[in-house]
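Chemist: What shape does this take:
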Amino acid sequence: MTMKALSSHSLHLVLSLFFLPMIMVYAVTGLLYMGGVDQHFTSRVAVYELNASDQAPYADSCRELERRGVVLPEGKMRPFKGNHILGPMADTHVLFLRKGASLRAEVVEPGIYPKLMLAHKGKAGWLFTALGYGAALTLVVLYVTGILLMWRNRRKRKLMLLSAALGTAAVAAGYLML
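Modeler: Next up, the predicted model:
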């Protein structure tokens, strides 16, 4: 490799293109989430009403589901957001939801959106976690190197400073509105 291949322009370009897919995952899932897209978007969900007298770990309910032809995932029943879940979130799982005097099971075959939301939340395994950290750190590096590269152009310095000041003011105003 020549020194030119290791220039700040090249590093900026290579890092940005390598982490672009992960940053797009964050951008798209974040936009969909903020837009109120249902967590089961792109998933297949089957709902079963169950005997509300059954209690966790829901052995009777699991037998009832099997009698109805549901193939239950492997694993142990575990607490999940005030309810219970059987199976991994990234694969077919069963949510046992108690609402008032009723109990129902949702058998969920997750589609692409909930799986990518797990990646967005850092709950999709070590590789996505590493890519998430890498993407976050790369964004910082890209902004710093981009500013340093543009700082050389005296005519753009005022625009850069004004943009940074306005962005900082917008974030501070948003924080004060919490």
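
Chemist: Return the distance of the helix or strand that contains Ala105 from the chain's centre.
Modeler: Ala105 is part of strand 102-109 when elements are defined by DSSP states H and E. Offset of strand 102-109 from its chain centre (CA atoms, centre = their mean, to the nearest Å): 22 Å.

Chemist: what helix or strand does the closest residue to Val107 other than its chain neighbours sit in?
Modeler: Excluding the flanking residues, the one nearest Val107 by CB to CB, 6 or more residues apart in numbering is Ala46, at 4.5 Å. The C-beta positions use only the backbone N, C-alpha and C, and glycine is treated the same way. Assessed by DSSP H and E, Ala46 sits inside strand 44-50.

Chemist: Enumerate every residue touching the residue nearest to the spatial centre of the chain.
Modeler: Centroid-nearest residue in the chain, with CA atoms, centre = their mean: His120, separated by 2.1 Å. Applying CB atoms under 8 Å, 6 or more residues apart in numbering to His120 gives the contacts Val25, Tyr26, Thr29, Gly30, Tyr33, Gly132.

Chemist: hmm, 7 Å instead?
Modeler: Listed by CB atoms under 7 Å, 6 or more residues apart in numbering, the contact set of His120 reads Val25, Tyr26, Thr29, Gly30.

Chemist: Could you pick out the buried ones from the residues you listed?
Modeler: Val25, Tyr26, Thr29 (16 or more other CB atoms under 10 Å).

Chemist: The second one and Val70: what is the separation?
Modeler: In other words, Tyr26. Look at Tyr26 and Val70: by CB to CB, to the nearest Å, they are 34 Å apart.

Chemist: Tell me the one of the contacts of His120 nearest Val141?
Modeler: Tyr26 (16.1 Å; CB to CB).

Chemist: Just the buried positions in the strand or helix carrying that closest one, please.
Modeler: Using DSSP H and E, Tyr26 maps to helix 8-34. Neighbour counts over helix 8-34 (16+ other CB under 10 Å) mark His12, Leu15, Ser16, Phe19, Met22, Ile23, Val25, Tyr26, Thr29, Leu32 as buried.
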